[in-house]
Structure formats: C-alpha cells, structure tokens
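Chemist: here are the coordinates; sequence isn't available:
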Ligand SMILES: Nc1ncnc2c1ncn2[C@@H]1O[C@H](COP(=O)(O)OP(=O)(O)OP(=O)(O)O)[C@@H](O)[C@H]1O
Ligand SMILES: Nc1ncnc2c1ncn2[C@@H]1O[C@H](COP(=O)(O)OP(=O)(O)OP(=O)(O)O)[C@@H](O)[C@H]1O
Ligand SMILES: [Mg+2]
Ligand SMILES: [Mg+2]
C-alpha cells in the first residue's frame, strides 16, 4: 500500500478514570477520505477515545497528530477548528430550541451578531430532506422521538465544515430504512473526501460502510481488519477474543393463556388510532416500525406513564386502570424504557442502588425499612445473570459504559419477577456479546412463563426473537405477522404503509 | 373619557377623608391609631391609617396612593425628614400636610404634633444616670439604627451621658465606643426588627461584657427582650435596664422593679391631636393651629412609683 | 407569546376592576406613578431574567440595589465626589459584583444560590458598615441628576410619563433584541436548558453565564441608582430588602422558567406591572396595608394556576 | 460524610478562634444560648432539607414561622383557647399549608418557587391582618408551656442544655432514619435525582413530594411555636422574616444540593451551627452589628470555596 499521510494519527493514548483504565496505550489512524469503523464490547473504550479526539477529555499520555503535526486538543473548539466533529452516543440537544437552532448551535449564521433565522431554517430543511426526516426545521426538539433526535444530531454533524466526522453509534435508535439513508449520505461524504470514524454494535452496518475496522478490547488495541477481511465472525473474534455463532436461534413457545389483553387502546400522541394486543404467557412479541412510528408511545401508555385516551388493558384477566406506573407494576408489568439515561437508570447512583430501587418497597422490613440484604442479593444476582461489567456494586452507573447501563436498566426489574415485560429497544447500544446475553435472558424468561413485548428498530433482532410481530406505522397498528410469515420485506411493507 | 378625580369619593357618607401615617410597624403606632380613630369619630371625618413596613421607601408609595384616593389631609411622620422634603412638598401641593411624631421644620407643613425624640433621649439618659449614679458601661439595642427616632433617641441619650450641655447636639455613629467621664457607651446593636436577633444580641452582649452596667432598649420591643435575656442569665439586679415606650412587658418589669424606668411618649395623643387638627383644617377652620406651629405632647419617664397610675390610664385610653 | 397570555389577562383584569371601583386609579397622577414604579422594578426583573434563563438565580439583587443606592448619595454628599465619578463608581462596582458571582459560579463551580446568598449578606453589610447605618440622601441637591428618576414627559390631559419609563423601555428593547435576535441570546437559552449540549457545540458556556450575572448585577446597580434618586432618602439597612424576590417573581410570572432556557422580556415587563398594579390598587382601594401581601400572594397564585390549567386544556 | 468535612472544619475553626479571643465564648451561659438558637434554626433547616432533596424550594418557611408563631399567643391569650387546642390548631395549620403547597406543585404543576413565594406573601399578610399588626405575647402566663422553649436540663459546672436541643435531636434522629433507612427516604432521594426515572421505577413521586412539603411546613410551624415560646412576644409583621434563607443556607451548607437528590441531616445541623456560631462570635467578639452580615457572607463563601477546591484536588 502506498504511504498516505494520515489525516488523524493517534498513538499510545492512555486515559484513566477512578478505578478503570479506559484506554491503555491505544493507537488509531485515519486517512483522508477513509471510513474507519471502531468496534469493541461495551466499555472497551470507544467513546472515550472519540471524546479525546473531539477535545472533550484530555488524555494522560499519548500523542495526537493532525495532518502529520502534533496537536493538543484542550476543548471542543480546538477540535472543531481543525475540522473534527462528533455525534455523541448519548444525545445532547437543547430541547427548548427548534431543530434548526440545534443543528446550528454554536455556529449560527450571523450578520453583525444577529441571527439569520431564514438561512438556518433553509439549510436545515435541505439537510433534513437529505436524511428523509419526517419533521422540519421549525419543529421543537422537545416534541421529537428519540430516533428523530438522533437524526437531528446527524444533521448537525453534516452541517459542519468537517474533515473528520466521528459518529458514535449514530444508528442505535434508527431502523433499517433510516440507516440506509444515512449510509447513502455517508457514501456521498466519502466521495467528497471526508474521513469518517464510525462506531456501531450493528456488525452488519460495519461491514457495509467500513474501509477498515479497528477493534478495541478492554481499552487496548485488539487488531485491525482490512476491507477484504471484514466479516461477522472475524469482527466478533477480535472484539470478544473467541467465536460466537452468528444467528441466535429462538425456540418458539406454544402458549395459550393471554396475560396481556389490550383492546382498542388509544394513545395521547395518536388518539385517532386503536391498538389491540394479545400477549400470551411465555410469548415474545416484537414491535417493529420506522422512527416515530409510535412504538414507545404504546409501551408508555401500557405502563401507565400517561393515561390512555380510550380502550381497555387486561393483565392476567384483571382490568388495569393504570394511572401510574406503580399500578402497572402491581399488576405484574415492567418497562425498560428506550431513553435509559433520562428514564431507565439514575446515573449518579450506584449499581446496587439502581437495581434495588423498584423492589425496595416489597422487600422492606416492617413495611418501611430498607432491606440492604435483599438489595445486595438482587444486585449480585443481576450482575451475574446479566454479566454487568462493573468494578464493584458500589460503582456509579453513570461511569459504566452504555451497554452496561442498559443491563442495569434491565436488571432492576428482574427481582420483581414481572409477568409482562415491556422492553423498548432492549439492545440499544449493546455489544454483540451482551446482546446475545440479553437474548438468552429473554428466551429464558419466556421459557419460565414471562410474556415479553419488545419494541425494536433492529430488523435482525425482530426477526430472530419474535414469536409474532406487530408492525406500527405513523401511530397506527399496520398489521400482525406470525413467525411463519416473518420476513424483512413483509415488515418493511407494513412499516412504510404499503 | 372624562376625568373626575379630584372631586373625591362618593363613599363615606360625605365625611371628608384624612390620613394618618406612621413611619414603621410597631405597637406605638397601634396606640396612635386608637387615638386617631377616636378623634375621627368625634370630629366627623374618615381616617385612613397607614404604617409602612419599610420606612421611607414605603411611605412614598403610600402617599402616592393616598393622594390618588383624593385624601383631604395627611398627618405624616417622616422617616427621614431631611431627605423627604420633596415628598412633603408634593403632599402640601395636593392636600393639607401636618407632621407628627417627628418634625420637618423646613417642610411646608401646617404644624407639628408631638415632641422631640432627642429630648426623650436626654430624659432616658437621665434615667440611666439615676439608675447607675456611680457610672459604668452602657449598651443600646435597636431595630434600625438609621431610623430617625432611633437616631434621635440615641443621640439624646449619648449627649446626656457624655455631659454635653443642653443645646449642643452631637453626631456620633452607632457602631463606635464612646467614652465619657463616668459613662461609657459600648455601642449599639441592631436587629432589623427580628425579635430573635434582638434577644440573641443581648445574650451576646452579656457574654462579652461580664461587668456591663446598663442595657437600653431604644425601640419598644427591645426593652422586654433585654429583660428576658437578663432574667435568663440570672443577672437581674446586677444589670440595670432602661427603655422606651409602654409595652406591657416593659411596664410589668418596671412594676417588679427589674426595669429601672421607661421613657414614654403619648402616641394616643399624637393620633388624637393630629386627626383633630386635620379635621378642623379640612373644614376650613385654621384656629386650631397655634402661633408656634407646635402642638406639644410631652414625653415623661415612668418609674416604679408611678407605673400603676400610668398603666391604668393607658388601658382606659386604648380600650 | 402564549406563555404570557394568562398573566396579561390578569393584569387587565386587575386594572379594570380597580378602575371600576375607584376612578382615580386611571387619573393622570396615579397612572404616572404606577408606570414609574413598574419601570423601576422591571429593570431589576430584566436582570433577574437573564440569570434565570441560564438556570441560575441571583438573590443578591436587593442588596446590590441597597449598596449602590446607598453609595451614590454617600459619595456625592458625604465624600463630595463629582456626579460622573460617583455614577461611574456605582456602575463599575455592580459590574464587578456580577463578574465576581459569575466567576465563582463557573470557575469554582459553586451553586448560584449559595454565591448570591452570600452576596446578599455581604453587600448589605458593606453598605451598612460604610455608612454607619445612617440614612443617606441628596439633601435637596443634585436636582438635575435626580431628574433621571423624577423627570417627566408631559402628555395631553395632564398625563405624564416618567423618565425611568423611557430608560426601562430602552433597556427592554436592547435586552429583547439580545435575547431573541442575536447569537449570544441563542447561546444563553441553549445553555440554560442543556449546558453540556451547549458546551459540546463549542459554546463558551462559562463566558455566557458570567455575562448573565454581570448583566443582572449591572441592572441591579442601575436600578439601585434610580431608586435612590427617586426616593431621595436611602436606608442602608433596609433599602432594597426583598427586591430580589420581586424581581424574580416578575421574571417568573412573565414566563421565565427557573429550570432555565425559557424567558421573554415582554413577559418580565408585564410581570413587574402585575406586581406593582396589584400593590397600587390595594392602596388605592383603601385596603389595609396589612392585607397587601396576602392579596398579592393570592392573586398571583390564582393567576398562575388559571394560566397553567388553561394551558393544559389547550394542549389536550 | 465527605461532603460535610469542609463545613465541620469551618465550624471548629470559628469556635477555636472565638474561644481564643474571648473565654466567655465557652462559658456555660453562652454555650447554652448558642445551642438553643442552633437547635431552633436546625429544626427549620431539617424541614428545608426535605424540600431541597426533592429538588424544590420552600420560601414560605419564615412566613409560616411568623403565622404559627403569632397565632399561638393570639389564640391562647386573645381568644382564650386551651393549650392543647391552640397547639393542635398551629400544627394542623402548618400541615395544611404544606399539603396546599405540595398539591399545587405536583397536581397543578406550578413551580415550587412561585407557590412558596406566594405563600411567603400570603401567610405574612394573614398573620398581620388577623392580629391587626399588634404584637402578640404570652403576657407572663403559660410558663409551663414556655418551658418547651425556655426549659433547661442542668449539667455539671453550671452548664445546661436547653429543651429545644432535645426536641431538635429527636427530630433529627427520626429524620435521619427516615431519609437513610426507610423506603420513603430512598424514594425521596431517587425522585430528587430524577423525577421521571423515579416515576418509571414505580415511585409515587407526587405523594412523596407532597410529603416533603408537609414535613417542611410542619417543622416550620413547630419552629414557629418554639420561637414564639422562646421570645415571649412576637411581631406579626417581622417574626420569621428571612428565616427561610437561614434554613435553606443551613441545609445547603450541610451538603444538600439545590439540584436535588442529596442531603444529610447531620450536615444540616452543622450548617445551622455554623450560621449561629458565626453570628454569636461576631457579637461576643464585639464586632459592630452592621458588619455581621458582611462577615457571615464572607466566611461562608470562603468555606464553600475552600471545600470545593479541596474536593476537586482530592478527585484529580
Ligand atoms: N466519565 C467517566 N468516569 C469514570 N469512568 C468512565 C467515564 N467514562 C467512561 N468511563 C469508563 O471507561 C471505560 C470505557 O468507557 P467507554 O464509554 O469509552 O466505552 P465504550 O466502548 O464506548 O462502550 P459502549 O459500547 O458501551 O458505549 C468504561 O469502563 C467506563 O466505565
Ligand atoms: N413528548 C411528545 N410530544 C409530542 N409528540 C411526541 C412526543 N413524543 C413523541 N412524539 C411524537 O409521537 C410520535 C411517536 O413517537 P414514539 O417515540 O412513540 O415513536 P417510536 O416508534 O418509538 O420511534 P423511535 O424509534 O424514534 O423511538 C413521533 O412522531 C413523535 O414526534
Ligand atoms: Mg460508547
Ligand atoms: Mg421509540
């Protein structure tokens, strides 16, 4: 291979956090116009590496060169000045502003200090159209679903005059269709000569987009794959250090007893449509749809987060009038929400604290006193069952990697032994290994008789895990598919409203 | 849109409406209110009584509101006469102005009802001298040191204790120690009318000065708080207490002999006389104003000997 | 706009009721005065709004009003400084105070509540110590300076507008443009809701926050000067007490959320007007001043409750 | 624990310095008094802490102190109610006030700052109106009731502990157990951290928030009663003014974050002690009361700054 001066060359970067070495002498380089995928298990150090490159964290050791010149990145501004921009794994938007405001935040087109709103709006709309978003520049970010917000983040990154675009799991809340659009856009960028650092746990995507794959394991370089070497098994081997079979085999149950019976449910976001669901004991039902299809809305309503506009919910034959999640919990339901950072876990509290919280009321001694023993047991069990990678049970959840946070969000409900488990994007941002663990767990829970309803944007997951699938389209229940009829085409047809 | 402001209000059965304004919220002014209302009944006027929580700033606003109400006269107690001249000019321009309780000779007021707080302070100084003839240390306690009556009382007392001759008025800041031949004024502690602070100020002083001679309450509530704190410290008798005004607890302390004496003004008469004069002026009768433009309501010292009679009389007045 | 509908309705309602009961309420004299007080408090409210938009709070407003308001007559009368120098000292002092707050909050990362609470105590103490707790006033001099607060622009029919009204309108226009039309205002709003997002977007959040505290302290100082000129007499221990609450209340009534990221300058003006008109109408209607607080509290509470309930209904 | 290290050091420092300059500081009389005032303010601080832990704020504390504190002597002396009935009325009233705040905040979704600011105004106004602004006192009677505030438990060497100290310790122990050992305390902390996540975890956040406001108002009312008993006479217009700031300051100094989700009862006690000891030592050292505020402000600011800087150094 000819020697090309790399655009970015990072060598022997080391970064420590209290109790962990997040990066241990990691090196990485990106050539102009190259797309490099960085893969690794949860907590491998991918995001930390990217944040250092983007000027958010400062490394303890190591050097960063830009076009061959060593640079020190003290702040986001330093990195931006070079032409480095980052789409964060966890969304960071000013929800009080509209989409255009967020896309141009910090770099607003201005004349004599005055905002040029029209320019912002027009340019944003062009970007949104390019991403085929179903909202426009004037929409308040507050009103967008998680997936839609991710599109805003992407639009924001695209709007930058960037030489190196870092995308930290940009598709974790996107479904296949939107991801395809993104890949088209990336293709275009690449042709314009932009370099891209791409992080994803969806190995199929990585294979599609990457020129080269760099793997991290436990904060160290674990190897590289050139374009022609990239395949699923090779990537898994680098990340995990051993083989994992590619496809997860779901063993369908044949249950009879309907534990969750939803009739004519109308949600607040889409009161004009009625939803009907019959979820049987031991069954795993998937919920598919495009971004903003209304899946989260249905799960939230079932869980009592907001009252339904109409319809009935029967759990185990008893009518549930959920005015509060607590009512839903009491009737045997649990929900692992999509937005784990805001809703799923308490970041500034420990693993033990988080896992013990829902069950605390039921474990209490004399009805009111905290039962620390039970709390510890739950936490230990969750850590074992889910293989949460944490230094101790006292570690703050906020310092765990995204995947491990997700495990905590799930783990806190296991102690409650719910009859109906609602999962909203259960493997969002989770690595292949952990994903398998979660699938195994879902499988096992279903076998024990738990009924599971899960919303997912990942086609493979829907196909692999579901006994049946509900497809949503713009708040409407577009149709049901039985396992025999499941196929990507069938789902997409319903999801796009054809 | 026609304007029908100045003609006054249709309410009140045609009686003219006058206003009586204090300079703070205190029992002193509640007694004055009694007198004002009594006079209003007797002389056929309606009276609006106003007390500002926040001194001069509130007074200005209240005056504006009263004038907007079409009031026929105001008996005003300036919280800061030197700097409230234009406010008083504004009153005088729109209605009848008299001052009461504290005077502003430069203002266009028709007359002044009351007495000098400075003289009351001198009187208090004399009480201290009687209580502590051999001399000693004195400490003052007050809600707001900057407020005029507090300033005058403190100055009068200071001048008396430092043996400045009558007619020679000093100007001493409240936060310094003043040494005289026999008497030393250790300072003045303020509490912003927070009673808890008023009490803990006394406690702190008792802790700091184990040999303190006399504690003086300049605002009406200060004296009872001094009394309580001294009692709790088991130093009644060893520490002399002198005060101002006629709070029940102060008078009780005087009765018991634990408070040496208190200087009382007669707020009831301030109220009564002010409204009497305003009522007459509102009806066009100027004969109520003496040539000196000074309607005196003198202050006096109440000690153990005369407290019973004074109290009985007071109770009758405010009934 | 929608956010201030409720409070505007409340304002109109109070005005209509008071005018119906006592015609003098709409008389030239009263209108001029209400406008004057509203203007003075609105200046403080605008300052408070900037800080509230960043998600912070400034409890020291009243004490800054007190300190600067005491210093001005003290420097002029007791120390004999010239007018421009004394004014300059007051303004610079307040800017420095704001800088001090901002730096402690952003660089030392102290909580705004704590920093400005200490400020509340300190500036009050300094004012009292410097002046030995003596009332300060202009003693009938400096009338041309006092015109800034007491001057009037005559209108037909005896009506007049006070000079502070024009000062306030000037400030409000600049503030509204700053907040809604400039990049900086945009950044202020963004960091108020999500500081990380703003920082990751390359906004120098610390500078913007410091700026907000400087603006607030500056407007408090300016307010302090105007209040002092208007009142003529200033009590170091009491001048401006509780004004931070009025200022914050005006801002919050006007639609600023204490969670940050929201606020409208017009709203603040209306909020300040509500507070002043209420207080005035209680006085003009001849209610006992004991009840003034209670009535203001109840009316504001009814206003915001109605507002919230209406808004919720509109949503559903 | 670590969070209160700084403030404890500050407390010890102030004590040592004051004691070195004036031995009377450690004398029986002064110690008893300081302990008493600390206890009274700590009761308010504990109440404030509960509300602050939910991420809210209660500005009405001082007015509730004022209202309940005025009502007690008024009901007993002026209205001739019996002691248990009057006490019961005071306590019920404060609980109702808390309920009212909590419901407005959780059900009508008003901002705590607004609700309790209106409360500040209303309860003060009610107290003043009911009593026509007259001072209320026990007039030398009810000494056995007043024992609750003025009673003493003798210790060796003339030292004594005031009854309010024991009341406060009782409350503090219950509060600490509630906060750290019970499910409710856990729920309170959780919702303070993140109300949405708490609701998604099945916590009835509304009820817990209401409970916090009820506790705060109840403790304010109790504090109001004790202050009144201690002071013998109270002024409706002034009693308790600014006490909310002292209470909140005690809580914040003691490690409660105004962002919610954090707080320690022991910290609040120490925070209250710092405030009182500072004030006392200024008096005992004979500083002018004009400077008291300034000194308290500066010392607290230095304390929290040092604390923050030290903590940061430890982290790095
Ligand atoms: N701010 C922080 N404080 C302490 N520890 C941290 C912090 N951020 C990351 N870590 C730790 O550093 C390690 C690397 O985390 P990082 O977020 O880089 O992982 P990742 O590869 O991006 O994982 P994921 O795929 O789950 O996003 C983890 O062990 C994590 O717990
Ligand atoms: N708080 C809200 N207010 C108003 N509209 C909302 C709100 N949250 C979501 N929506 C809208 O409701 C629709 C459904 O959103 P929902 O989050 O249920 O979709 P989803 O299928 O889960 O999509 P995603 O994959 O993006 O999470 C979207 O169009 C979104 O814009
Ligand atoms: Mg990551
Ligand atoms: Mg969703």
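Modeler: Happy to help now that I have it. Since the model is a prediction, treat every value here as computed from it, not as a measurement. Ligands and ions are numbered 1, 2, ... in the order given.
Chemist: How many neighbouring residues does whatever residue of chain A ends up closest to chain C have?
Modeler: Going by C-beta to the nearest C-beta, chain C is nearest to residue A:106 of chain A, at 3.5 Å. From N, CA and C alone the C-beta is placed, and that goes for glycine too. Neighbour count for residue A:106, taken as other C-beta atoms under 10 Å in any protein chain shown: 22.
Chemist: and it, what is it in contact with?
Modeler: For residue A:106, the contacting residues are C:187, C:198, C:201, C:202, C:203, by C-beta atoms under 8 Å, 6 or more residues apart in numbering or on different chains.
Chemist: Under a three-state scheme, what state does it occupy?
Modeler: Three-state assignment for residue A:106 (DSSP: H, G, I helix; E, B strand; the rest coil): coil.
Chemist: Need the pLDDT of the closest residue to it other than its chain neighbours.
Modeler: Nearest residue to residue A:106, sequence neighbours excluded (C-beta to C-beta, 6 or more residues apart in numbering or on different chains): residue C:201, at 3.5 Å. Predicted confidence (pLDDT) for residue C:201: 86.
Chemist: Then residue C:192?
Modeler: 93.
Chemist: Quick check: it touching residue C:51?
Modeler: No. Assessed by C-beta atoms under 8 Å, residue C:192 is found out of contact with residue C:51, at 9.7 Å.
Chemist: in the stretch 1-150 of chain B, which spans are helices?
Modeler: B:27-43, B:56-68, B:85-94, B:117-131, B:148-161 (DSSP state H, counting those that start in this stretch).
Chemist: of all the ones you listed, which lies closest to ligand 3?
Modeler: Closest to ligand 3 of the helices of the stretch 1-150 of chain B, according to C-beta to the ion: helix B:56-68, at 58.1 Å.
Chemist: Let me know the angle separating the closest one from helix B:148-161.
Modeler: 130 degrees (axes from the mean of the first three to the mean of the last three C-alpha atoms, to 10 degrees).
Chemist: ok, for the residue in the stretch 101-250 of chain C that chain D sits nearest to, nearest residue in space, not its chain neighbours?
Modeler: Proximity of the stretch 101-250 of chain C to chain D (C-beta to the nearest C-beta) peaks at residue C:125, 2.5 Å away. Once flanking residues are discounted, residue C:125 sits nearest to residue D:294: 2.5 Å by C-beta to C-beta, 6+ apart.
Chemist: Between the helices of the stretch 1-150 of chain B, which one is closest to residue C:143.
Modeler: Residue C:143 lies closest to helix B:85-94 among these, at 9.0 Å (C-beta to C-beta).
Chemist: residues of the closest one that come out buried?
Modeler: B:85, B:86, B:87, B:88, B:90, B:91, B:92, B:94 (16 or more other C-beta atoms under 10 Å in any protein chain shown).
Chemist: Out of these, which is nearest to residue A:354?
Modeler: residue B:87 (63.5 Å).
Chemist: What's the separation between the residue nearest the centre of chain C and residue A:204?
Modeler: In chain C, the residue lying closest to the centroid (C-alpha atoms, centre = their mean) is residue C:44, at 1.5 Å. Look at residue C:44 and residue A:204: by C-beta to C-beta, to the nearest Å, they are 60 Å apart.
Chemist: right, and residue B:223 touches residue B:217 too?
Modeler: Yes. The criterion here is C-beta under 8 Å, and residue B:223 meets it with residue B:217 at 3.4 Å.
Chemist: can you list residues touching both of those two?
Modeler: What both residue B:223 and residue B:217 touch, as defined by C-beta under 8 Å, 6+ apart, is the set B:241, B:242, B:243, B:244, B:250.
Chemist: The one helix or strand residue B:242 maps to close to chain D?
Modeler: In this assignment (DSSP states H and E), residue B:242 forms part of strand B:240-244. No. Strand B:240-244 does not reach chain D (C-beta under 8 Å from any C-beta of the partner chain); its nearest approach is 13.6 Å.
Chemist: for that strand, packing partners?
Modeler: Judged by 3 or more C-beta pairs under 8 Å, 6 or more residues apart in numbering or on different chains; DSSP states H and E, strand B:240-244 is in contact with helix B:117-131, strand B:214-217, helix B:222-232, strand B:261-264.
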